[in-house]
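Student: I'll drop the sequence and a predicted model, then ask my questions.
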Amino acid sequence: MTAPVASKRMESVPNILTLCRILAVPVLVVLLSFPSPLNRALATLAFILASVTDYFDGYLARRYNVISAVGKLLDPMADKLLVMAALIMIVACPEASVPAWMVVIILGREIMITSLRGVASAQGVVIEAGELGKYKAMLQVFAITGLCMHYTYCSIDFHLGGMYFLWASLVLSIWSGFDYFRKFWHAAVRQE
């Protein structure tokens, strides 16, 4: 099979994976609305599977050079929807004991960065995702996985582990937020 034929067949796969991540959001919301040990395990599985699609949609889009405008729009939106829905539903669970203020800071940072990138884009400036943001996202996946599971299994306290990762992701959220603002200031504001 030649490269152009393989590329043609792969065109829609990254976007389909991104849509799967968006469709995982209502599944998470429903499962965490009725927080039983089984529903939490299923929510964790749904979250992990959705998070894995984030890696593969980007990898396939770059590998087969099928990066699209739709993908550039949907991919970050899917990431934010998944994380926001999971964190909000975890805070809403009666036994969660996750401080809401932590989630407010994390989600506020996401909204701020999205807004800054939008303003910069309107001025023709692209602010790329930095390494700190990627590490922050990885820590959030670990945090949400542990907090979704919540219970202790095989002597592992998933809630406590999730809280450690949530604290670490909070620190990186703030740090990377300042880094984005610095990049925005140098790239977009100084152009005016």
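Tutor: Looks like it came in fine.

Student: quick one, what contacts the residue most central in space within the chain?
Tutor: By CA atoms, centre = their mean, the chain has its centre lying nearest to residue 79, at 3.5 Å. By CB atoms under 8 Å, 6 or more residues apart in numbering, the contact list for residue 79 reads 21, 54, 137. The way it works is simple: take the backbone N, C-alpha and C, and place the C-beta from them, glycine included.

Student: quick check: of those residues, which has the highest neighbour count?
Tutor: residue 21 (23 neighbours; other CB atoms under 10 Å).

Student: was I right about that one contacting residue 56?
Tutor: No - using CB atoms under 8 Å, residue 21 makes no contact with residue 56, being 10.3 Å away.

Student: on that earlier part again, so which of the contacts of residue 79 comes closest to residue 42?
Tutor: residue 21 (16.5 Å; CB to CB).

Student: now do that closest one against residue 114, distance only.
Tutor: The spacing between residue 21 and residue 114, counted by CB to CB, to the nearest Å, is 16 Å.

Student: residue 123 now?
Tutor: For residue 123 relative to residue 114 (CB to CB), the value is 15 Å.

Student: where does the protein dip in pLDDT?
Tutor: Scanning the chain for pLDDT under 70 picks out 1-11, 96, 188-192.

Student: how many neighbours does the nearest residue to residue 117 once chain neighbours are set aside have?
Tutor: Nearest residue to residue 117 in three dimensions, chain neighbours excluded: residue 127, at 5.4 Å (CB to CB, 6 or more residues apart in numbering). By the measure other CB under 10 Å, the count of residues near residue 127 is 19.

Student: so residue 127 is in which element?
Tutor: Here residue 127 sits in a region with no helix or strand, counting by DSSP states H and E.

Student: tell me what the helix ranked longest in the chain is packed against?
Tutor: Longest helix in the chain, counting residues (DSSP state H): helix 158-187. Here helix 158-187 touches helix 100-122, helix 131-149, going by 3 or more CB pairs under 8 Å, 6 or more residues apart in numbering; DSSP states H and E.

Student: redo the ones you listed as JSON lines? Include distance to residue 187.
Tutor: JSON lines is the format used below for the helices and strands packed on helix 158-187 (distance: least, CB to CB, whole Å):
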{"stretch": "helix 100-122", "distance to residue 187": "6"}
{"stretch": "helix 131-149", "distance to residue 187": "16"}
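
Student: about what we covered before: what's the spacing between the residue nearest to the centre of the chain and residue 140?
Tutor: Taking CB to CB, one finds residue 79 at 9 Å from residue 140.

Student: how far away is the nearest residue to residue 144 once chain neighbours are set aside from residue 92?
Tutor: Nearest non-adjacent residue to residue 144, counting by CB to CB, 6+ apart: residue 86, 4.7 Å away. Taking CB to CB as the measure, residue 86 falls 11 Å from residue 92.
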